[in-house]
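Colleague: Model the structure of this input:
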Amino acid sequence: MKNLFEEEKIYTVAEMATTLRVSAATVIRAIHRGKLKALRVEGQWRIPGKEARRYLWAETMRTLTEASGPHQED
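Modeller: As a prediction, the model looks like this:
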């Protein structure tokens, strides 16, 4: 699988939103909620590639865990 985010690169909110196919508001909400670490550079959010990859992995794992739901024995 191709890496969606390069660790050395810095991404804008728009680039991250486009890559993940979500709105910019979703990315900003993740930043404000502390789920995604980002830097403010002259009033604009910037996301380090390493953090973008960590966020994507964490959200993927969270989604898979929620989808599997609690397992009950009969």
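Colleague: Sheet-wise, list the partners of the longest strand that the chain contains with their directions.
Modeller: Counting by DSSP state E, the longest strand found in the chain is strand 44-48. Looking at strand 44-48 with DSSP bridges, its partner strands are strand 10-12 (antiparallel), strand 39-41 (antiparallel).
Colleague: Give the buried residues for the worst-scoring helix or strand of the chain on mean pLDDT.
Modeller: Sorting the helices and strands of the chain by mean pLDDT, DSSP states H and E puts helix 49-68 at the bottom, at a mean of 91. For helix 49-68, burial by neighbour count (16 or more other C-beta atoms under 10 Å) applies to G49, E51, A52, Y55, L56. For glycine as for every other residue, the C-beta is placed from the backbone atoms N, C-alpha and C.
Colleague: so what secondary structure elements neighbour that helix?
Modeller: strand 10-12 (3 or more C-beta pairs under 8 Å, 6 or more residues apart in numbering; DSSP states H and E).
Colleague: Would you mark the buried spots in the strand it packs on?
Modeller: So, applying 16+ other C-beta under 10 Å, buried residues of strand 10-12: Y11, T12.
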